[in-house]
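In: Predicted coordinates and the sequence they were generated for:
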Amino acid sequence: MKVVIVGGVAGGATAAARIRRLDERAEIVMIERSGYVSYANCGLPYYIGGVIEDFGDLTLQTPENFRVRYRVDARVRQEAEEIDLARKRVKIRDLRTGKTYEEGYDKLLLSPGAKPIVPAIPGIEGERLFTLRTVEDTVAISGFVRREKPRSALLIGGGFIGLEMAENLRGLGLEVTIAQRSGHLFGIFDEDMVCGIHAEMRRNGVRLLFHADTARFERSGDKIAAVFKDGTRAEADMAVLAIGVTPDTALAERAGLALGTRGGIAVDPHMRTSAPEVYAVGDAVEVTDFVSGAPSLIALAGPANKQGRIAADNICGLDSEYKGTQGSSVIKLFSLTAAATGMTEKRAKGAGLSYGKVILSPANHASYYPGARAMTVKVLYERPSLRILGAQILGFEGVDKRLDVIGTAMRCGAKVTDLKDLELAYAPPYSSAKDPVNMVGFVAENVETGKMSQFFAEDVAGLPRDGSVCLLDVRTPGEYARGHAEGFVNIPLDELRGRLREVPEDRPVYVMCQSGIRSYLACRILTENGRTCLNFAGGYRFYETYRRETCPAPGVLPCGADGR
């Protein structure tokens, strides 16, 4: 059996190694158009920032390594140009010489990946404007930074690449501006959760421009400027386009392979395309969203690796299936960690789902152990099934493991209330006896059994201040004096039972505290004493960040340090 693999990195390289482990006699040819057959593309921003010092650490396998260890003929700077499905042949161009040749196959695997989105706007070509996707891109940016010593950088887009580049370029001392077309960064987080990321960016000196839709680029001397559609502009010594990626399907389209509704290469659960003996994996393919069942495009290394292994199994006669993706991801943002899996609330609304949500602010480990810090956890679940739809977590140590536990529970079909029953490792430096994941289950159970009603950050501004409802803050007087939501009066929790006559019985009571725990206790006291009570989800700390960092529409404050 002869297998030709087009594209290396996560999907193609994983498949090549797996095929060899399953079939010692197979002939394996891997074609890669870049100069690096297997590299850590997730680590590229960290090389630019100097966190990863040795360039060799980014290259996981070289062509020579593949030849010696796996007996794979890995060819770099070779580009597949055409596929003749009838003759089972691939036309390949040697990018160093320009010469073309053909390679026959019994099985063909496509792993072309995705390419940066580069909009067709004036000034998009030329010096001082970069994209970051390949090792060659990294070398170009790193070389420019070391050679030209720029003092400022403009990042167009606030997704993974934009945020990681912001951190790394700030680490090099550059002034950094992120221009984001929408009203908030990091689209895999909801608007309420992403406010903590906005605050962290600004705390570290990153300027944020929202509702900044780039119309063109202009150059003047050693400067490049983005001119936005509202006529404003941002200037810097360099710029990086980080507005997203799109599946690289050109080769597949020319061959007549079917594409999916989202524009990726259509594959079945075995990673087979519409053509016999042709498979496809990675960022270029359209897969099934594990939560919604809808077609999805996921440009992540984890799914690409799994798909490469599954395709290899099926190429070698085994029966393996890809069971969909949750899009689980995590990112380091200066001192913060942000992680997400599954659906956002925006997506759940768009899908017309009936859902509930809980937001809480537990400590990452026992509060009495030194160094405990709050994290913010948001979990969505379907009603009435209680199936977990998604989770977002923002905090410091321990964020990743909580996200992984919830993601695993989703994969295993657990209900949100099942989280309270999980027995998780506990010691004071690592967790609490009631882990944050358990707390999600407890809160959801309280909500779904009617023991607690909630209100949320987006509800606060619309609460009447005319006395028709009671707005109550149960923190200490000192906490209250340092900041409180408009119209909320202060009755500390420990004084509440003795001051019940100050809380009206004939109107709803909306209660807030710092993290949501004291307000829940207050609600139980009030409910047991005949009041109708709603607890604020996430606490005042969460609300204040939301109030300060939300940018709902152009020209609406608060919307960044400079008013945008």
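Out: Cool, got the structure.

In: which residues sit in contact with the nearest residue to residue 100 once chain neighbours are set aside?
Out: If you skip the residues right next to it in sequence, residue 100 has residue 93 as its closest partner in space, 4.9 Å away by C-beta to C-beta, 6 or more residues apart in numbering. For every residue, glycine as well, the C-beta is placed using N, CA and C. Contacts for residue 93 (C-beta atoms under 8 Å, 6 or more residues apart in numbering) come out as 78-79, 81, 99-100.

In: For PyMOL, write the selection for the buried entries among those.
Out: What follows is the PyMOL syntax selecting those of the contacts of residue 93 that are buried according to 16 or more other C-beta atoms under 10 Å:
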select buried, resi 78+79
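
In: So which of the contacts of residue 93 sit within strands?
Out: Per DSSP state E, strands hold the following members of these: 78-79, 81, 100.

In: Nearest to residue 57, out of these: which one, please.
Out: Within the ones in strands among the contacts of residue 93, proximity to residue 57 (C-beta to C-beta) peaks at residue 78, which comes in at 24.7 Å.

In: can I get the contacts of residue 93 in a markdown table with pLDDT and distance to residue 118?
Out: Written out in a markdown table, the entries for these read as follows (pLDDT from 0 to 100; distance: C-beta to C-beta, whole Å):
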| residue | pLDDT | distance to residue 118 |
| --- | --- | --- |
| 78 | 95 | 23 |
| 79 | 96 | 19 |
| 81 | 97 | 21 |
| 99 | 97 | 28 |
| 100 | 97 | 26 |
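
In: what pairs with the spatially closest residue to residue 99 that is not a sequence neighbour across the strands?
Out: Nearest in space to residue 99, with sequence neighbours left out and distances taken as C-beta to C-beta, 6+ apart, is residue 93 at 7.3 Å. Beta bridges link residue 93 to residue 79, residue 100 when assigned by DSSP bridges.

In: Could you measure from residue 93 over to residue 31?
Out: With distances defined as C-beta to C-beta, to the nearest Å, the gap from residue 93 to residue 31 amounts to 10 Å.

In: Next, show the common contact partners of these two.
Out: Counting by C-beta under 8 Å, 6+ apart, the residues touching both residue 93 and residue 31 are 78-79.

In: Next, the contact list for residue 513, please.
Out: With contact set as C-beta under 8 Å, 6+ apart, residue 513 has these partners: 473-475, 493, 519, 522, 536, 539-540.

In: Save those residues as CSV, and put in distance to residue 243 too.
Out: Putting the contacts of residue 513 into CSV (distance: C-beta to C-beta, whole Å) gives the following:
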residue, distance to residue 243
473, 41
474, 44
475, 42
493, 47
519, 40
522, 46
536, 35
539, 34
540, 35
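
In: now the strands: where do they sit in the stretch 351-500 of the chain?
Out: If you assign secondary structure with DSSP state E, counting those that start in this stretch, the strands in the stretch 351-500 of the chain sit at 355-360, 376-382, 388-395, 454-455, 470-473, 489-490.

In: most packed of those strands?
Out: strand 388-395 (a mean of 27; mean count of other C-beta atoms under 10 Å).

In: Would you mind naming the helix or strand containing residue 30?
Out: strand 27-32 (DSSP states H and E).

In: Residues contacting that strand, please?
Out: By C-beta under 8 Å, 6+ apart, strand 27-32 touches 1-9, 12-13, 16, 19-20, 37, 66, 70-80, 90, 92, 103, 105.

In: and which of the ones in strands among the contacts of residue 93 is nearest residue 507?
Out: residue 79 (70.3 Å).

In: count of residues packed around the closest residue to residue 283 other than its chain neighbours?
Out: By the measure of C-beta to C-beta, 6+ apart, the closest residue to residue 283 outside its immediate chain neighbours is residue 114, 3.8 Å from it. Here the neighbour count serves as a burial measure; for residue 114 (other C-beta atoms under 10 Å) it reads 19.

In: So residue 114 is in contact with residue 286, correct?
Out: No: checked against C-beta atoms under 8 Å, the pair residue 114 and residue 286 is beyond contact range at 11.8 Å.

In: Report the set of residues contacting both of those two.
Out: Taking C-beta under 8 Å, 6+ apart as the contact rule, residue 114 and residue 286 both touch residue 247.

In: sorry, back to before: filter the contacts of strand 27-32 to the buried ones?
Out: The neighbour-count criterion (16+ other C-beta under 10 Å) marks 3-9, 12-13, 16, 19-20, 37, 66, 70, 72-76, 78-80, 90, 92, 103, 105 among these as buried.

In: show me what contacts the residue nearest to residue 283?
Out: Residues in contact with residue 114, defined by C-beta under 8 Å, 6+ apart, are 133, 245-248, 283-284, 299.

In: again, only using 10 Å
Out: When contacts are counted by C-beta atoms under 10 Å, 6 or more residues apart in numbering, residue 114 touches 133, 244-249, 264, 282-284, 297, 299, 304.

In: Which single one of the residues you listed is nearest to residue 452?
Out: residue 297 (38.0 Å).

In: close enough to count as contact, that closest one and residue 286?
Out: Yes: using C-beta atoms under 10 Å, residue 297 makes contact with residue 286 at a distance of 6.1 Å.

In: Pull up the overlap in contacts between those two.
Out: With contacts defined as C-beta under 10 Å, 6+ apart, the residues shared by residue 297 and residue 286 are 247, 260, 262-264.
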